[in-house]
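Student: need a structure here:
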Amino acid sequence: MASRNNSGSEPTSVLGNIVAFIAVSVVAGVVAAGLLVPPAAAAGLAANASIGWFKSLPADMEMGPLSRSSTVVAKDGSEIATFFAQNREPVSLNQISPNMKKALLSIEDRDFYDHGGVDPWGIVRAMGNNVLRPSNRQGASTVTQQYVNNLIIDQQVRAGEQASTIGADKGIVDKIKEIKLALSMEQEKSKDEILEGYLNIVLFGGQNYGVQAASEYYWGIPASQLSIAQAATLAGMVQSPNYYDPQVNPEASVQRRNVVLDTMVQTGAITQQQADQAAREPLNLDIHPTSSGCSAARTAPYFCDYVENQVMQSNSFGATPEERLATLQRGGLTITTTLDPKAQRAADTQVNATQPKDDNPDNVSTALVSLEPRNGHIVSMAQNTNYSAAEGTSNTTYNFNVDSSMGGAGGFQVGSTFKPFTLAQWINAGKGIKASVDARRLHYPADFRWKASCLPNGYKIEPGDDGNGFSFQNATEGYARVMDVDYGIYNSINSALYAMAADLDLCEIGELTKAMGIHDGKTGDPVDTTVLSSLLGGSVDISPMTMARAFSGFANDGVMCEPRAVTKVVDYTGKNYDVPGDSCQQVIKKEVAQGVNEVLKQVLVRGSGYQRSIGLPDASAAKTGTTDNSTQTWMLGYTKGLATASWVGNYEFGSRSLNGLSIGGRTGGSGTEWVDGATYAGGQWQNYMRTVAPDYDTSRFSSPPPSVMSARK
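Tutor: Residues are numbered from 1 along each chain as shown. Okay, the predicted model is just below:
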């Protein structure tokens, strides 16, 4: 039965092979006829017809490797992270060991400096073999042809296209296209330029493209220091990068290396003695893993994530998310940021001192973000977790400091750190900070009309859950009395806050908070200040970044700047990308900001954060914040040069109290019965600001005018 099947199929197979061989022979004859002349003449004759084709290719293809890693750097130029689809670090030919050049040319193209871009006899031999013996295919591509091949694949992949057959399993027509492009390239580039480009683009296993990246990965050395044995190992990988990967398949790698060494002897690149010595050497791998993206960031991974999100949302880097990702991973960008390495180290130290991420039995969360009020530049961003998507109680890719739209957790209830906005509207309405308010009231009846000009009736009625009106408590007993506005705010008295609100327009408080950029960190919506609980920061979640930016407006005499993380983006060709510059505007009156500063200075002197002074009584201000049952705690504080939001709370357990939990090895609130904003968030802020604030402007806040300091109501 088997015999009849074989006899029936054999004639067809033989006939097909004969026909194909004749066709190949004709094509090969034409090619060879055009090439069996001196190399320079051959290149000229064949290339004249295709030079226009080569010149029609994108200019960056003619320049060499397209896919280059991008680097995010701090403001001092130190590296934060790299992004790549292909790990590549291009170097010039004189930065590559002569051993590598000799090894590569010996095994891949020994006549490289003599031919005109193709090897005619090799093409004829390989094409005939591949027709008659398809199971034992041969190649005949010169280094120039391989370079063209890699460039086309690289260009197509970067453009998000499927690599064409010219870059993969080539047919006869594809091979001729490759030949024409190789001949054209030889007309346009010197041999050294071609060899340099090839050594920078070819794959050496894994994600390591180019000899520099491979040298650093496998041995931790630059390409200039490659020994004969190391160079032969890399050169041997070109044929099958992953099979001959010395890390994956060391025995096959050594065998292939020794083949390369023998070839180097045959070509006169090295002596037999050198080859024998190199063949005896072990691989001696010293793997230096290189990971892409923020998970491998050397510092500030969550700031890195914030920068990545900005790039991925900007049309400057592409019209679609796919194009932007390609630009980031393959465009060779240097992204210069605002990050201050010293400030970042201090931030990292403090969030982990408050609650170490590696010893966090109750899973307490901490975060801190800091920016410059004068320009909005973000100087630090930290939290006590590992930037990782892997399972683990200390792992998360959510950034506690920013909105959901920027890869963040979306914020948390801010407690009494919202009170300064009501104070700002009090001053904005022409009232003085020394005015008295009746803070005895802890209850407003159901028919009390809270002024709200944006509502249909011009007022708001709050019946309360039981229909009997709006009730609340002060955090500490003994403060239900008549008091001055400033006293009520710096001691964070709830009854004073609502007494002020009862004398204001709730909608105008909302207009002011909207002007200062306050919004829900999950939805982006403005805060509805006609909801009375919002005046105590209890109706929406707000991110630390949003709060730091708003308080920077107080520090900067009412001028608030948009947070800025990126100052410059330039690619490896010198092309600059458009990035937003400093964007600042006057959002509240100068005298309003001065009045708020005057009150909040007292928080650190005699108010709710008196124990958190940083030694700058006339140049620092702050506000503590604690939500019901101490679930989220805050310290928002600033100098003229630095505005910092410090948060300690619950990310995964939002309604859980911090009281009684293990925080920094302690339980409770440093000897007090409960945890508030001054306890851990305050300590975190204080230690950070003592370290970093002196590097920025610590001059005195300007004094408010007499009208603001008055007792008028």
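Student: tell me how this structure divides into domains.
Tutor: Listed by automatic domain parsing, the domain ranges of the chain are 1-64+109-189, 301-397.
Student: find the nearest non-adjacent residue to G376, please.
Tutor: In space, and not counting its chain neighbours, G376 is closest to C561: 3.1 Å by C-beta to C-beta, 6 or more residues apart in numbering. Heads up, the C-betas are built off the backbone N, CA and C, glycines and all.
Student: oh sorry, the question was meant for I335
Tutor: V72 (4.6 Å).
Student: that neighbour should be in a strand, yeah?
Tutor: Yes: remark: V72 belongs to a strand, assigned using DSSP: H, G, I helix; E, B strand; the rest coil.
Student: partners of it in the sheet?
Tutor: Counting by DSSP bridges, V72 is bridged to A81, I335.
Student: neighbours around it, how many?
Tutor: 29 (other C-beta atoms under 10 Å).
Student: just N457 next, same as before
Tutor: So N457, with other C-beta under 10 Å, has 9 neighbours.
Student: ok, back up a step: out of the domains of the chain, which gets the lowest mean score?
Tutor: Least confidently modelled of the domains of the chain is domain 1-64+109-189, at a mean of 59 by mean pLDDT.
Student: so which bits of stretch 211-226 are buried?
Tutor: 211-219, 221-224, 226 (16 or more other C-beta atoms under 10 Å).
Student: helices or strands next to the one helix or strand D486 maps to in the packing?
Tutor: In this structure, D486 sits in helix 485-490 according to DSSP states H and E. Applying 3 or more C-beta pairs under 8 Å, 6 or more residues apart in numbering; DSSP states H and E, we find helix 485-490 packed against helix 419-428, strand 436-438, helix 494-501, helix 590-601.
Student: quick one: closest of these to D245.
Tutor: For the helices and strands packed on helix 485-490, the distance to D245 is smallest for helix 419-428, at 59.8 Å, taking C-beta to C-beta.
Student: now the angle from the closest one to helix 590-601?
Tutor: Angle, helix 419-428 to helix 590-601, by axes from the mean of the first three to the mean of the last three C-alpha atoms, to 10 degrees: 140 degrees.
Student: tell me what helix 419-428 is packed against?
Tutor: If contacts are counted by 3+ C-beta pairs under 8 Å, 6+ apart, helix 419-428 sits against helix 485-490, helix 494-501, helix 506-515, helix 544-555, helix 590-601.
Student: ok, now with 6 Å
Tutor: Judged by 3 or more C-beta pairs under 6 Å, 6 or more residues apart in numbering; DSSP states H and E, the packing partners of helix 419-428 are helix 494-501, helix 506-515, helix 590-601.
Student: what would the ones you listed look like in a markdown table with mean pLDDT?
Tutor: Shown next, in a markdown table, are these (pLDDT from 0 to 100):
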| stretch | mean pLDDT |
| --- | --- |
| helix 494-501 | 98 |
| helix 506-515 | 98 |
| helix 590-601 | 98 |
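Student: nearest to Y244, out of those?
Tutor: Using C-beta to C-beta, the helices and strands packed on helix 419-428 put helix 506-515 closest to Y244, at 62.5 Å.
Student: need the residues that contact that closest one.
Tutor: Contact with helix 506-515 is made by 421-422, 424-425, 450, 452-454, 526-527, 529-530, 587, as judged by C-beta atoms under 6 Å, 6 or more residues apart in numbering.
Student: if I look at the nearest residue to P356 once chain neighbours are set aside, how far off is F412?
Tutor: Nearest residue to P356 in three dimensions, chain neighbours excluded: N384, at 7.0 Å (C-beta to C-beta, 6+ apart). Look at N384 and F412: by C-beta to C-beta, to the nearest Å, they are 15 Å apart.
Student: cool, A343 as well?
Tutor: Taking C-beta to C-beta, one finds A343 at 23 Å from F412.
Student: again with E193
Tutor: E193 is 57 Å from F412, by C-beta to C-beta.
Student: do the same with V592
Tutor: For V592, the distance to F412 (C-beta to C-beta) stands at 26 Å.
Student: can you measure across stretch 92-104, start residue to end residue?
Tutor: For stretch 92-104, the first-to-last residue distance is 16 Å (C-alpha to C-alpha, to the nearest Å).
Student: what lies in contact with it?
Tutor: So stretch 92-104 is contacted by 192, 196, 199, 211, 223-224, 226, 228, 231-232, 235, 260, 264, 269 (C-beta under 6 Å, 6+ apart).
Student: try 7 Å this time
Tutor: 192, 195-196, 199, 211, 223-228, 231-232, 234-235, 260, 264, 269 (C-beta atoms under 7 Å, 6 or more residues apart in numbering).
Student: next: stretch 640-648.
Tutor: With C-beta under 7 Å, 6+ apart as the criterion, stretch 640-648 contacts 354, 364, 366-373, 412, 544, 547-548, 551-552, 555, 619, 633-638, 680-681, 684-685, 688-689, 692-693, 696-699, 701.
Student: restricted to helices, list those residues.
Tutor: 354, 544, 547-548, 551-552, 555, 680-681, 684-685, 688-689, 692 (DSSP state H).
Student: let's have these in JSON lines, adding distance to S394 and neighbour count.
Tutor: JSON lines is the format used below for the ones in helices among the contacts of stretch 640-648 (distance: C-beta to C-beta, whole Å; neighbours: other C-beta atoms under 10 Å):
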{"residue": "T354", "distance to S394": "14", "neighbour count": "23"}
{"residue": "P544", "distance to S394": "19", "neighbour count": "30"}
{"residue": "M547", "distance to S394": "25", "neighbour count": "31"}
{"residue": "A548", "distance to S394": "24", "neighbour count": "27"}
{"residue": "F551", "distance to S394": "29", "neighbour count": "27"}
{"residue": "S552", "distance to S394": "30", "neighbour count": "30"}
{"residue": "A555", "distance to S394": "33", "neighbour count": "28"}
{"residue": "Y680", "distance to S394": "17", "neighbour count": "27"}
{"residue": "A681", "distance to S394": "19", "neighbour count": "32"}
{"residue": "Q684", "distance to S394": "17", "neighbour count": "31"}
{"residue": "W685", "distance to S394": "22", "neighbour count": "30"}
{"residue": "Y688", "distance to S394": "21", "neighbour count": "28"}
{"residue": "M689", "distance to S394": "26", "neighbour count": "29"}
{"residue": "V692", "distance to S394": "25", "neighbour count": "25"}
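Student: of V592 and F412, who's got more company?
Tutor: F412 (28 against 24).
Student: wait, the more buried one sits on Q632?
Tutor: Yes: F412 is in contact with Q632 according to C-beta atoms under 7 Å; the separation is 4.6 Å.
Student: overlap of the contact sets of the two?
Tutor: G649.
Student: how much space between Y209 and V157?
Tutor: 11 Å.
Student: more crowded one of these two?
Tutor: Set Y209 next to V157 and count neighbours by other C-beta under 10 Å: Y209 wins out with 28 against 18.
Student: which SS state does the residue found closest to L455 once you drop the neighbours it is linked to in the chain fall under?
Tutor: In space, L455 comes closest to T530 once its chain neighbours are excluded; the distance is 6.3 Å by C-beta to C-beta, 6+ apart. When classified by three-state DSSP, T530 comes out as coil.
Student: wait, T530 touches A452, no?
Tutor: Yes: the pair T530 and A452 passes the contact test of C-beta under 7 Å, sitting 4.9 Å apart.
Student: what touches both of the two?
Tutor: Common neighbours of T530 and A452, using C-beta under 7 Å, 6+ apart, are K460, L506, C507.
Student: much appreciated, bye for now.
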